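Enquirer: Quick check, what structure comes out for this input:
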Amino acid sequence: MRCSALALVIVAVGAHGCSSGASDAAGFALPYADAVCEAQIRCQALAGYVKPTCTRLFLESHTLAVAEANGRIRFDPETADACLTMLARAGCSFGFVYAHAYCARAVAPLQGGGAACDSDFECQTGVCSASGDVCPGACATPAPALQLGDPCVEGDTCQPGHYCAAGRCHSPDVGTPCTRSAQCLPAGLVCDPDTNACQPAGLDGSACSSITDCADGHFCGSDARCHPLLANGANCATHEQCQVGSLCRRPVHGAATCQRAAEIGEGCIEAPGAGFGLTDQRNSGCRWGLICSPLSHTCREPPSSGPCLPFCRADLSYCDSSTGTCEPRKAEGEPCSGSDCQGGLVCEPRSATDPSLACLRYTTCSQ
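Expert: Numbering: from 1, shown residues only. Predicted structure coming up:
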């Protein structure tokens, strides 16, 4: 297997986080994984019933304890506790993005260019690469860094914590030039698309290009402006316009309005478009990951066997398009055809000399 390039990232936010009390990376891993997965559920990016699988896969892919034992990272417990507190308070827009960036600070990479590595988060350059199937990998060697104020062009490497915009290396601060929000993020700012300058996350009327340019409690509208999230009962166009825990529900007749997402056993309707995928299924009023039963007209978990309705419970099964039925996910070593492997496995050639596809474990070099 090749070395994986796994970054230390937050995949969603808004978790019910709390202090981990951990003194090392090993003790932080579980509360961190738990917070991340609960956050996805709260922000309706993940179905509640897959939380155990989510936590397991997150722990498998973020081998913090191994990296710390190998002396390749330095763990900061105070930053880790602050990270979980931020996740607890963050919404599902800018708060998520900033918590994402802040939590990465809890683990400082110690491996310089050319040093051995198993994962991206061990490298000061953020990139762990390998040649073919050779492990461990080596941290990428950066180009000489330009200093603050030096002339530059897009793609040049400025010193750590700085970026190239408007022909110079800048440090993120209110009013400094920028081309994208990621450049401003370390300072807790976004790149204002009207002025191309770093500014606080947008409130009502501020310019935006996506929801993450807006402050928590706001969405980016079709007019490229931030607006407060809509209350239940208000007319809406997309789910992201509604309060956390609510959906933009489209009835068979009448205007779409924000409504609280229905849980298992609560009533729903087979709305237009509900039935062709997870996103459209939310039009029925069911919480993310649930389906509206055509018989009882109540929300339920997708099936793990039998006919796809129209999809299957993702952590246990997949929908076989040739039969229209839910089939168990393939175990390690079994032949596969795409996205039909168990969690933590990928469908790829068995080896450089055997091109047949099989479910294989996409691991870090240390495993």
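Enquirer: then the helix or strand containing M86 to PDB, C-alphas only?
Expert: Taking DSSP states H and E as the definition, M86 sits inside helix 77-89. The C-alpha trace of helix 77-89 is given here as PDB (Å, rounded to 0.1, in the frame of the first residue of the first chain):
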ATOM      1  CA  PRO A  77      -3.000  20.500  25.600                       C
ATOM      2  CA  GLU A  78      -4.200  24.100  26.200                       C
ATOM      3  CA  THR A  79      -4.800  24.600  22.500                       C
ATOM      4  CA  ALA A  80      -6.600  21.200  22.300                       C
ATOM      5  CA  ASP A  81      -9.000  22.200  25.100                       C
ATOM      6  CA  ALA A  82      -9.600  25.600  23.500                       C
ATOM      7  CA  CYS A  83     -10.300  23.700  20.200                       C
ATOM      8  CA  LEU A  84     -13.100  21.600  21.700                       C
ATOM      9  CA  THR A  85     -14.600  24.700  23.300                       C
ATOM     10  CA  MET A  86     -14.600  26.400  20.000                       C
ATOM     11  CA  LEU A  87     -16.300  23.400  18.400                       C
ATOM     12  CA  ALA A  88     -19.000  23.500  21.100                       C
ATOM     13  CA  ARG A  89     -19.800  27.200  20.300                       C
END
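Enquirer: Next secondary structure after it?
Expert: helix 94-103.
Enquirer: low-scoring stretches of the stretch 251-367 of the chain, by residue?
Expert: 252, 270-283, 362-367 (pLDDT under 70).
Enquirer: got a pLDDT number for V97?
Expert: pLDDT recorded at V97 is 81.
Enquirer: residue ranges of the helices in this protein, please?
Expert: Secondary structure of the chain (DSSP state H): helices at 25-42, 51-61, 64-69, 77-89, 94-103, 181-184, 278-281.
Enquirer: Any idea which of those gets closest to C214?
Expert: With Cβ to Cβ as the criterion, C214 lies closest to helix 94-103 of these, at 6.1 Å. From N, CA and C alone the C-beta is placed, and that goes for glycine too.
Enquirer: buried stuff in the closest one?
Expert: Using 16 or more other Cβ atoms under 10 Å as the test for burial, helix 94-103 gives F94, G95, F96, V97, Y98, A99, H100, Y102, C103.
Enquirer: Show me what it is packed against.
Expert: Packing partners of helix 94-103 (3 or more Cβ pairs under 8 Å, 6 or more residues apart in numbering; DSSP states H and E): helix 77-89.
Enquirer: Go again with 10 Å.
Expert: In this structure, helix 94-103 packs against helix 25-42, helix 77-89, helix 181-184, strand 190-192, with contacts taken as 3 or more Cβ pairs under 10 Å, 6 or more residues apart in numbering; DSSP states H and E.
Enquirer: Please work out which residues outside the third one touch it.
Expert: Just to be clear, that refers to helix 181-184. With contact meaning Cβ atoms under 10 Å, 6 or more residues apart in numbering, helix 181-184 is reached by 94, 97, 101, 158, 162-165, 170, 172-174, 176-178, 189-193, 197-201, 208-210, 212-213.
Enquirer: repeat that with 6 Å
Expert: Y163, P172, C178, V190, C191, C198 (Cβ atoms under 6 Å, 6 or more residues apart in numbering).
Enquirer: swap in the shortest one?
Expert: Applying Cβ under 6 Å, 6+ apart, the contact partners of strand 190-192 are C178, R180, S181, C184, Q199, A201, A207, D213.
Enquirer: Pull the distance from it to the chain's centre.
Expert: For strand 190-192, the separation from the chain centroid amounts to 20 Å (computed by Cα atoms, centre = their mean, to the nearest Å).
Enquirer: pLDDT on it, on average?
Expert: Strand 190-192 carries an average pLDDT of 92.
Enquirer: Just checking: what are the partner strands of that strand?
Expert: strand 197-199 (antiparallel) (DSSP bridges).
Enquirer: and the partner strand, average pLDDT?
Expert: 95.
Enquirer: Equivalent analysis for stretch 142-155, please.
Expert: Computed over stretch 142-155, the average pLDDT equals 88.
Enquirer: Buried residues, that stretch. List them.
Expert: Judged by neighbour count (16+ other Cβ under 10 Å), stretch 142-155 contains these buried residues: L146, C152.
Enquirer: How many residues are close by the residue lying closest to D150 once chain neighbours are set aside?
Expert: Among residues not flanking D150 along the chain, C169 sits closest, at 5.0 Å (Cβ to Cβ, 6 or more residues apart in numbering). For C169, the neighbour count with other Cβ atoms under 10 Å is 20.
Enquirer: Please apply the same query to C128.
Expert: C128: 29 neighbours (other Cβ under 10 Å).
Enquirer: Look up the closest residue to it, ignoring the ones flanking it.
Expert: Counting by Cβ to Cβ, 6+ apart, the nearest residue to C128 once its immediate chain neighbours are dropped is C117, at 3.9 Å.
Enquirer: coming back round to it: what subset of the contacts of strand 190-192 is buried?
Expert: Neighbour counting with 16+ other Cβ under 10 Å marks C178, S181, C184, Q199, A201, A207, D213 as buried within these.
Enquirer: any idea how far A314 is from C299?
Expert: As judged by Cβ to Cβ, to the nearest Å, C299 and A314 stand 16 Å apart.
Enquirer: oh, I was asking about C258
Expert: For C258, the distance to A314 (Cβ to Cβ) stands at 26 Å.
Enquirer: same thing with A231?
Expert: Between A231 and A314 the distance is 32 Å, computed by Cβ to Cβ.
Enquirer: Which residue of the two possesses the greater neighbour count?
Expert: A314 (20 against 11).
Enquirer: Let me know how buried the residue nearest to the more buried one when sequence neighbours are not counted is, in neighbour terms.
Expert: Excluding the flanking residues, the one nearest A314 by Cβ to Cβ, 6+ apart is V50, at 6.5 Å. Residues near V50, counting by other Cβ under 10 Å, number 20.
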